[in-house]
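Asker: fold the following.
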Amino acid sequence: MTTADPTPENPNARSIALTKVGEGRYKATNRRGGVVSVGSGDDPDFTPVELLLAALAGCSAIDVDLITRKRAAATAFDVRAEGEKV
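Answerer: Now for the predicted structure:
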């Protein structure tokens, strides 16, 4: 991997590797082996903008879980992120 991987000197660093797997299609892999398909929008894969929205929603959901479980853990909730392509 790259120097952006967590190290004792920088445990907060993150990185992914992006591999072309077809015409307008890619595979993003993180250090832990997680994989996400990325596409141009002409296929079922997430577009880069959709991945950004998923990241924002995911960060918000994790924050809600961390804050609310101090009093009463949420058993379920949904988060929706929307944007307009410009």
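
Asker: looking at the protein, which residue ends up farthest from its center?
Answerer: residue 71 (27.3 Å; Cα atoms, centre = their mean).

Asker: hang on, that one is in a strand, isn't it?
Answerer: No - using DSSP: H, G, I helix; E, B strand; the rest coil, the assignment for residue 71 is coil, not a strand.

Asker: adjust the sequence numbering to begin at 55 for everything that follows.
Answerer: Sure, I'll start counting at 55 from here, so that last one is residue 125.

Asker: so what pLDDT did it get?
Answerer: You'll see residue 125 listed with a pLDDT of 84.

Asker: so how far is stretch 79-97 off the chain centroid?
Answerer: Computed by Cα atoms, centre = their mean, to the nearest Å, the separation of stretch 79-97 from the middle of its chain amounts to 10 Å.

Asker: what mean pLDDT does it get?
Answerer: Averaging pLDDT along stretch 79-97 gives 95.
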